[in-house]
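**Q** Sequence and predicted structure below; questions after.
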Amino acid sequence: MRAVRVAFPALIGLILLYVAFQSVQSALAGSGESVMAAAQGGTLLGALGAGFLLVALAVSSGSRSGFFLGLGTAILMVLGGVLVIVIELPYVGQGGLGGAIGGGVIIFAGIWILVSLAYFLAIRRARASFAPSMDAGDRRLGIVLGGLAMFAAAAWVAFGAIDTQQVAAGADSRGAAQVLVAGTSLEVAAPDVSVDRASGTDSHPTVLHMIVDVAVTSPERYELAAVPTLCLTDLATAEDPAYKPDTYCWGSQGRAIALDRQYPRLMVDEGSVTFQVELDREGLCFFGSGLWNADLRLVPRMTPDTAENDVEAFTLSAQFQVGETGHGPDAPSGPTTDCFASTVSP
């Protein structure tokens, strides 16, 4: 029976330590949460886990503090189960999938409350097996628990302050990057275009091949954290609500074209820089001549250690004419209905 009294808080402590470890590991793997925010949450869970292991140790020693800590653990677990039920009740009332999940959580919380009450009674019945009064060991345990609580509180505050500073610095970096890209301009032209007049329409035959002239002009020089990409689509596709970026790009099997040869130094130079891209028709849809759209994706590097995922990507867009100019911007071509419908998920 004593083993059960020790196992209950020890199991809770191990579970909390595992959850704390997994939360920090998930942040380090790039789940979207900042490392400092994950460390902040992991600190509390880790401290609670360590605290429950100390409770198990105290119960195992049979000290007077072990008796009171065992009772406190049971009461805390009962209150936790009640809180979970209160939180899940609105979801059960709404019905649907959320209600079904909430119902399962409530059943588990009810079982947890019953187990916690049973543990409370087990500690109460074993009162005689614990020391009748406090001794030096209880004082040492109190000091350790107090130190653990103070350390966890200090670490939580410190990680939170660092995370706040990083968020503010990230916002400043994003604003600076946005200013850089906003000052950059994009011009695109298609001087050499080959079409298939047997497909498409009379006014917008299918484009088979083209050479694209690209001019990127910036008032200042800045570094990039990732290789720029270029996506070409006809204007109708770019403006369609069902359009998915990096999916319908022409000349690259749907994905945006990586401009690694054009930007080997990952640098946008001051002034105007021009280059050519030669492409054959590859993609999900047969785009015809007419008015097209070009999207250039840039990720400025604001600090030496900035990674690609740390800065938001910004897109420059420019419209340009492909093929005959006689049918102009008022009638841009687009993918056929069958092509678009077959490639957009329902």
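**A** All right, it came through fine.

**Q** In the protein, where's the longest strand?
**A** Longest strand in the chain by number of residues (criterion: DSSP state E): strand 185-200.

**Q** Any buried residues in the next helix or strand along the chain from it, and which?
**A** Where DSSP states H and E defines the elements, the next helix or strand beyond strand 185-200 is strand 205-218. Within strand 205-218, the residues that count as buried by 16 or more other C-beta atoms under 10 Å are 205-207, 210, 212, 214, 216-218. Every C-beta, even on glycine, is put in place using the N, C-alpha and C of the backbone.

**Q** Which helix or which strand is home to Thr164?
**A** helix 136-182.

**Q** make that Tyr18, sorry
**A** helix 2-28.

**Q** Could you tell me the angle between the helix holding Thr164 and strand 205-218?
**A** Between helix 136-182 and strand 205-218, the angle comes out at 110 degrees (axes from the mean of the first three to the mean of the last three C-alpha atoms, to 10 degrees).

**Q** Tell me the buried residues in the helix holding Tyr18?
**A** So, applying 16+ other C-beta under 10 Å, buried residues of helix 2-28: 5-6, 8-10, 12-13, 16-17, 19-20, 23-24, 27.

**Q** just stretch 259-279 next, same as before
**A** 259, 262-263, 268, 277, 279.

**Q** Please apply the same query to stretch 179-193.
**A** 180-181, 184, 186, 188, 190, 193.

**Q** so how far is the longest strand of the chain off the chain centroid?
**A** Mean-position distance between strand 185-200 and its chain equals 38 Å (C-alpha atoms, centre = their mean, to the nearest Å).

**Q** now stretch 104-122
**A** With C-alpha atoms, centre = their mean, you get 35 Å for stretch 104-122.

**Q** Make a markdown table out of the buried residues of stretch 259-279 and add pLDDT and secondary structure.
**A** Listed next are the buried residues of stretch 259-279 as a markdown table, based on pLDDT from 0 to 100; DSSP: H, G, I helix; E, B strand; the rest coil:
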| residue | pLDDT | secondary structure |
| --- | --- | --- |
| Leu259 | 93 | coil |
| Gln262 | 90 | coil |
| Tyr263 | 91 | coil |
| Val268 | 90 | strand |
| Val277 | 91 | strand |
| Leu279 | 89 | strand |
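
**Q** Of the residues you listed, which pair is most distant in space?
**A** Val268 and Leu279 (22.2 Å; C-beta to C-beta).

**Q** if we can go back for a sec, and the helix holding Thr164, what other elements does it pack with?
**A** In terms of contacts (3 or more C-beta pairs under 8 Å, 6 or more residues apart in numbering; DSSP states H and E), helix 136-182 is packed against helix 35-61, helix 64-94, strand 314-322.

**Q** and the ones you listed, which is most packed in?
**A** Of the helices and strands packed on helix 136-182, the one with the most neighbours on average (mean count of other C-beta atoms under 10 Å) is helix 35-61, at a mean of 21.

**Q** angle of that one against helix 64-94?
**A** Per the same axes, to 10 degrees, the angle that helix 35-61 makes with helix 64-94 is 130 degrees.

**Q** which helices and strands sit right next to helix 35-61?
**A** Contacts defined by 3+ C-beta pairs under 8 Å, 6+ apart place helix 35-61 against helix 2-28, helix 64-94, helix 136-182.

**Q** ok, Ile106 - contacts?
**A** 84-85, 88-89, 92 (C-beta atoms under 8 Å, 6 or more residues apart in numbering).

**Q** Tell me the one of those nearest Leu53?
**A** The nearest member of the contacts of Ile106 to Leu53, counting by C-beta to C-beta, is Val84 at 22.7 Å.

**Q** Just the element for the nearest residue to that closest one once chain neighbours are set aside, please.
**A** Take Val84 and drop its neighbours on the chain: the residue closest to it by C-beta to C-beta, 6 or more residues apart in numbering is Ala109, 4.2 Å away. Element membership of Ala109, judged by DSSP H and E, is helix 96-125.

**Q** quick one: buried residues of that helix?
**A** 102, 105-106, 109, 112-113, 116, 119-120, 122-123.

**Q** Ala131: which of these is nearest?
**A** For the buried residues of helix 96-125, the nearest to Ala131 is Ile123 (13.7 Å; C-beta to C-beta).

**Q** Tell me the predicted confidence for the closest residue to Ser129 other than its chain neighbours.
**A** Closest residue to Ser129 apart from its sequence neighbours, by C-beta to C-beta, 6+ apart: Gly62 at 6.0 Å. At Gly62, the pLDDT value in this model is 86.

**Q** sorry, back to before: adding distance to Ala50 as columns, could you present the buried residues of stretch 179-193 in TSV?
**A** Shown next, in TSV, are those (distance: C-beta to C-beta, whole Å):
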residue	distance to Ala50
Leu180	47
Val181	47
Thr184	52
Leu186	56
Val188	60
Ala190	65
Val193	69
